[in-house]
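Q: A structural model of the following input is requested.
(one chain, ligands or ions: 1)
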Amino acid sequence: MVKNPTLPTELQVQVELPTIMPRSKRRPSVAYTEAQRAVENDAEIPYLSEQELIERIQHLRKERNAIILAHNYQIPIIQDLADFVGDSLQLSQQAAKTDAPLIVFCGVHFMAETAAILCPDKTVLIPDPEAGCSLAATVTAEEVRQWKAQHPDGVVVAYVNTNADVKAEADYCCTSSNAVKVVQAIPEDKEILFLPDMFLGLYVQRMTGRKMHLWMGECHVHAGFRAEDIVNALKQYPEADLLLHPECGCVSQCMYALAEGELPAERTFVYSTGGMVRHVKQSPAPIHLVATEVGMMHRLRKEAPHKQFIAVKADAICEYMKTITLPKLYRSLRDGVYEVRVPEEIAQRARRAIERMLEVV
Ligand code: SF4
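A: Have a look, this model is predicted:
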C-alpha cells in the first residue's frame, strides 16, 4: 500500500492504491509554445485588432466549411465564437456526428486526438498542439501494460483525459459524466483498473460500491481544491447550491462530510461540467458555488444570466486550456495548422474503448 499525501487520513484505509507507480511529475510546460512564437512573429497577426481577427475567423470558417468545438474551460471569446461548447463527452459526440469536413478543436490535445480517432475521414486541427494536460501526463501506455500484467484479468477503465496510446490499452473509456454508468456496466465479478484520476476513481468507488484499483494521477487544477475552500464558501453563502466536479481534490472529503451530515445533502451536487449546465438551468437556487476550473463561470453565466455564480477557488485556472487564443485560432484556420493525427493501429484500439463508452451512455 502506498500512502498518498493528498488523501485525507480516513480514506487511506479505504482504498488499495497501485504499488507500481508513484504520481508522475511529468507536467508539461506551456510557458512559450511554438504556436505562440509563430503568431508573435507572423507578418499579419500582430497588426490585427480583436474585431478584425473575429471577422477573418468568421469568413474562413464559412469558406473552409469548418466547425469550431470549444471546451467549457476555454477563454470567453473562444467559447463565444464556437459552434458548440461542452464537456469532453459532449464534444466527442459532436465530433462524431458533424458533417463538416474540418473540425477546429479548441481544447487540450487529448480531446482533439479523441475527435481525430472518432472522425478518421475528417481533418482535425488544434490551434496549439502543446495544450497538454497534467492529468493525462501522469500515465503512459507502457505503465498501463505493466499494471495490466500485474492484474491479467482486470478490466481497464480509462478516463478520457488520457493520450491515444493509453486509450488503446483500455477496455472502456469514461468521462466524469458517465464514469459511474460505465463501471456499473462491468460484470460484478470483474476486477477493475481505473485510471488516471484517483479523485474521480474514489468518487466512482463510493457511488457504485465497487472496489477498484486506482491509479494515483491527479489534475493539478482540481487537486488544489480543499475542503476548507468549500466550508468557507458555504459559510459566506449558506443558501447557495454547491456544484462540485468529481476530479476535485476535496470531493472524497466532501462525500464523507455529506455522509456525516456536515454538508447540506439537498444542496450539494457532484457533476461533470455538462451536468452543471443542466443543473443551473432548472434549479430554483439564486446563487451557485462552483468548484471547478474558472472558465466554467462564463458558460454558466451565459446559460443562466439572472443567477449569481461564485467560484469557490478563483485561481483554479488551467494554463493548458488558456493556451488557445484568438490569434492562434485565426492562424489555425488560415494555415490549416496543427493537424492532429493518430496512427491507425493505435486509433483502432482506442476507438473500440471510446465506442464502448458511447454505447453505455
Ligand atoms: S483542468 Fe486539469 S484535467 Fe482539465 S485539461 Fe486542465 S490539467 Fe487537464
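Q: part of a strand, is Gly274?
A: No: per DSSP: H, G, I helix; E, B strand; the rest coil, Gly274 lies outside any strand segment and is helix.
Q: so what's the residue count around it?
A: Look at Gly274: counted by other CB atoms under 10 Å, it has 20 neighbours. Just so you know, the C-beta spots here come from the backbone N, C-alpha and C atoms, and that holds for glycine as well.
Q: next up, the contacts around it.
A: Going by CB atoms under 8 Å, 6 or more residues apart in numbering, Gly274 touches Asn72, Gly86, Asp87, Leu89, Gln90, Ser177.
Q: quick one: neighbours of the third one, just the number.
A: Number of residues near Asp87 (other CB under 10 Å) recorded here: 26.
Q: ok, which stretches of the stretch 1-150 of the chain are strands?
A: Assigned by DSSP state E, counting those that start in this stretch, the stretch 1-150 of the chain shows strands spanning 66-71, 84-86, 102-106, 123-125.
Q: in contact with the nearest residue to Cys174 once chain neighbours are set aside, which residues?
A: Distances taken as CB to CB, 6 or more residues apart in numbering put Val182 closest to Cys174, at 4.1 Å, once the chain neighbours are dropped. Listed by CB under 8 Å, 6+ apart, the contact partners of Val182 are Val157, Tyr172, Cys173, Cys174, Met357, Val360.
Q: repeat that with 6 Å
A: Neighbouring residues of Val182 by CB atoms under 6 Å, 6 or more residues apart in numbering: Tyr172, Cys174, Met357, Val360.
Q: close to the ligand: what parts of the stretch 201-350 of the chain are there?
A: Contact residues (CB under 6 Å from any ligand atom) of the stretch 201-350 of the chain with the ligand: Cys219, Val221, His222, Glu293, Cys318, Tyr320, Met321.
Q: ok, so of the residues you listed, who is nearest Leu193?
A: Cys219 (19.1 Å; CB to CB).
Q: my guess is that closest one contacts Glu247. True?
A: Yes: if you go by CB atoms under 6 Å, Cys219 and Glu247 touch, sitting 5.3 Å apart.
Q: a helix runs through the residue nearest to Cys174, doesn't it?
A: Yes: the assignment for Val182, made by three-state DSSP, places it in a helix.
Q: the stretch 51-200 of the chain against the ligand: which residues are in contact?
A: So far as CB under 6 Å from any ligand atom goes, the stretch 51-200 of the chain lies against the ligand at Val108, Cys133, Ser134, Leu135, Asn161.
Q: skipping its backbone neighbours, what lies nearest Glu188 in space?
A: Nearest to Glu188 is Arg210, by CB to CB, 6+ apart, at 7.8 Å.
Q: can I get stretch 143-159 in CSV, CA atoms only?
A: Only the C-alpha atoms of stretch 143-159 are listed here, as CSV (Å, rounded to 0.1, in the frame of the first residue of the first chain):
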residue,chain,number,x,y,z
GLU,A,143,2.9,1.9,-17.5
VAL,A,144,-0.6,0.6,-18.2
ARG,A,145,0.8,-2.5,-19.8
GLN,A,146,2.9,-3.1,-16.7
TRP,A,147,-0.2,-2.6,-14.5
LYS,A,148,-2.3,-5.0,-16.6
ALA,A,149,0.5,-7.6,-16.3
GLN,A,150,0.0,-7.5,-12.5
HIS,A,151,-3.8,-7.9,-13.0
PRO,A,152,-4.2,-10.1,-16.1
ASP,A,153,-8.0,-10.5,-15.7
GLY,A,154,-8.5,-6.8,-14.9
VAL,A,155,-10.8,-4.6,-16.9
VAL,A,156,-9.2,-1.3,-17.7
VAL,A,157,-11.4,1.8,-17.5
ALA,A,158,-9.6,5.0,-18.7
TYR,A,159,-10.9,8.5,-18.2
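Q: going forward can the numbers begin at 34, since that is how I track them
A: Taking 34 as the first residue, the last one we looked at is stretch 176-192.
Q: mind listing what's buried along it?
A: By 16 or more other CB atoms under 10 Å, the buried positions in stretch 176-192 come out as Glu176, Val177, Trp180, Lys181, Gly187, Val188, Val189, Val190, Ala191, Tyr192.
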